[in-house]
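Asker: I'll drop the sequence and a predicted model, then ask my questions.
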Amino acid sequence: MPESARALLRSLTSTFTELSGADVADPDIEHSDVDGPIGWSGYDAARRRAAERTGEDESVLCGVGTVPGPGGATDAMLIAFEFGFLGGSIGERTGLRIERAFARARELRLPVVSLIATGGSRMQEGMRALTQLQRIARASAATRDAGLPRIAVLCDPATGGGWATLGAGADVTLAVAGAQVGFAGARVRPDGGPDDAAAYTAEGQLRTGHVDQVVDPADLPRALGRWLRLVTTPAGPVDPPRPLGATTPPRSGWDAVQAARAETRPRAESYVDAEFAWREDIGGDRCGGVDPGVLCGFGHRDGVTTAYAAQCGTPTTPAGFRTAARLVRLASRLDIPVLTLVDTPGAANDADAERAGVGPAIAELFDAIASASVPVTTLVIGEGGSGGALAFAASERMWITADAYFSVTSPEAAAQILKRDAGDVPATADQLRLRPQDVVDLGIARGIVR
């Protein structure tokens, strides 16, 4: 059995004030029929035994806690499931408490942290229990629309409706290493081999893009403190990063292409590490995909937070575009400016990418950046290959490094389209006017960073 909700709260907070009984009580529920809304025989007795065993009167407890973090502590509304109380199952009173916790968070303008350890909806309350997921979803959506961050921590287990609402619906989702995570609980899922079993774990959900980070239990206080600090720190203006590579523009178009493709050129991770004192990544598109060639997250420096979405020099897959779009939309809701780094030969264009919806995924990112309510700043640091690169770029706040290029298509592809010989590729590169200074002269980039 996982540690108790109160023990977990003690490990994460320096202070915790539980919501009062008046905040979470409902006379209609407190004085409901014997054995619950559907008269499940023995239900009242089971609740009494659970209360005696855990010292709690319900499967969730909610309150305001102070979470230590780098540079200071952050107050947050914490929703902690007590698995020892009927398997952390969600009943009417559970749903009511969660709804009121979200409402109180909106009143106090606090982020919400859900510490999830549940087996799902409470059978003994029938459909009255299942419909609490709608109540929870409404409360969470209202909090999202209020611009408040929602962080989920998936403990063991995190299954059923708790995973499908508070867990998967959070802005940032952390999972404790080794935790059972999935919509189907262990007793109801189909039989399968080791690969199938791995799909229901924190690590499996990370690999398929449904979880942002897997955290060792001992490191959870540190991770949560950092995340709360990132998503609640006031934002500031974003200037393009300083160049880490060449500072002299190339003489020819082909020289520009060669410089951008050089293995020794600084890559996105170097730029991100140089830009921030510390950072935390998000991962996955929440649709079953992860692109290791796209780096997204939030970074902290000099008391401000910036979101970043960076291409790492590989063809960007549909999952990469969707992850970046998710990052931009989240940053926009939280009023955090965005830095994008462009470096790709182009969007992935194989059959797998087409089947996975590369066109709609690119459209999703174009839309996210075009509709962002925060400043988006772009630096082209390497290859700027066609629409796959342009989707990451801000239209009015873009700069370029001296060892980069930006082109309507690659010189090789242009030569093929024009039915030219391979030997004509360098001359075609010159014709495309893709050098950094050309991109500035065309009014596409504001300047070459110095």
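Answerer: Perfect, thanks for sending it. As the structure is a computational prediction, the values presented were derived from the model and not from experiment.
Asker: residue ranges for the helices of the stretch 101-250 of the chain, please.
Answerer: Read by DSSP state H, counting those that start in this stretch, the stretch 101-250 of the chain holds these helices, from start to end of the chain: 126-130, 132-145, 160-162, 194-198, 202-207, 220-232.
Asker: buried sites along the fifth one?
Answerer: Across helix 202-207, burial judged by 16 or more other Cβ atoms under 10 Å covers A202, G204, Q205, L206, R207. Every C-beta, even on glycine, is put in place using the N, C-alpha and C of the backbone.
Asker: Lowest average confidence across the helices of the stretch 101-250 of the chain, which one?
Answerer: Within the helices of the stretch 101-250 of the chain, confidence is poorest for helix 194-198, with a mean of 72 (mean pLDDT).
Asker: Now distance to R265 too, for the buried residues of helix 202-207, in CSV please.
Answerer: Rendered in CSV, the data for the buried residues of helix 202-207 read as follows (distance: Cβ to Cβ, whole Å):
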residue, distance to R265
A202, 36
G204, 35
Q205, 34
L206, 30
R207, 29
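Asker: if we can go back for a sec, quick check: which of the helices of the stretch 101-250 of the chain has the most neighbours on average?
Answerer: For the helices of the stretch 101-250 of the chain, the stretch with the most neighbours on average is helix 160-162, a mean of 27; neighbours defined as mean count of other Cβ atoms under 10 Å.
Asker: Give me the distance from it to the chain's centre.
Answerer: Taking the mean of its C-alpha atoms, helix 160-162 sits 19 Å from the chain's own mean (Cα atoms, centre = their mean, to the nearest Å).
Asker: hey, C-alpha coordinates of stretch 424-435 in PDB?
Answerer: Coordinates of the C-alpha atoms in stretch 424-435 are reproduced here as PDB (Å, rounded to 0.1, in the frame of the first residue of the first chain):
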ATOM      1  CA  ASP A 424      24.000  22.100 -59.700                       C
ATOM      2  CA  VAL A 425      23.000  22.000 -56.000                       C
ATOM      3  CA  PRO A 426      25.600  24.600 -54.800                       C
ATOM      4  CA  ALA A 427      24.500  27.100 -57.500                       C
ATOM      5  CA  THR A 428      20.900  26.400 -56.600                       C
ATOM      6  CA  ALA A 429      21.700  27.200 -53.000                       C
ATOM      7  CA  ASP A 430      22.900  30.600 -54.100                       C
ATOM      8  CA  GLN A 431      19.800  31.300 -56.100                       C
ATOM      9  CA  LEU A 432      17.500  30.500 -53.100                       C
ATOM     10  CA  ARG A 433      19.000  33.500 -51.200                       C
ATOM     11  CA  LEU A 434      19.000  31.400 -48.000                       C
ATOM     12  CA  ARG A 435      22.100  33.000 -46.300                       C
END
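Asker: Touching that stretch from outside, list them.
Answerer: Stretch 424-435 has contacts (Cβ atoms under 8 Å, 6 or more residues apart in numbering) with 249-250, 252-257, 384, 405-409, 411-412, 414-415, 418, 420, 439, 441-442.
Asker: Please apply the same query to stretch 129-148.
Answerer: Identification of contacts with stretch 129-148 by Cβ under 8 Å, 6+ apart yields 89-92, 94-96, 98-99, 101-103, 105-106, 109-112, 121-123, 150, 161, 164-166, 169-171, 333-335.
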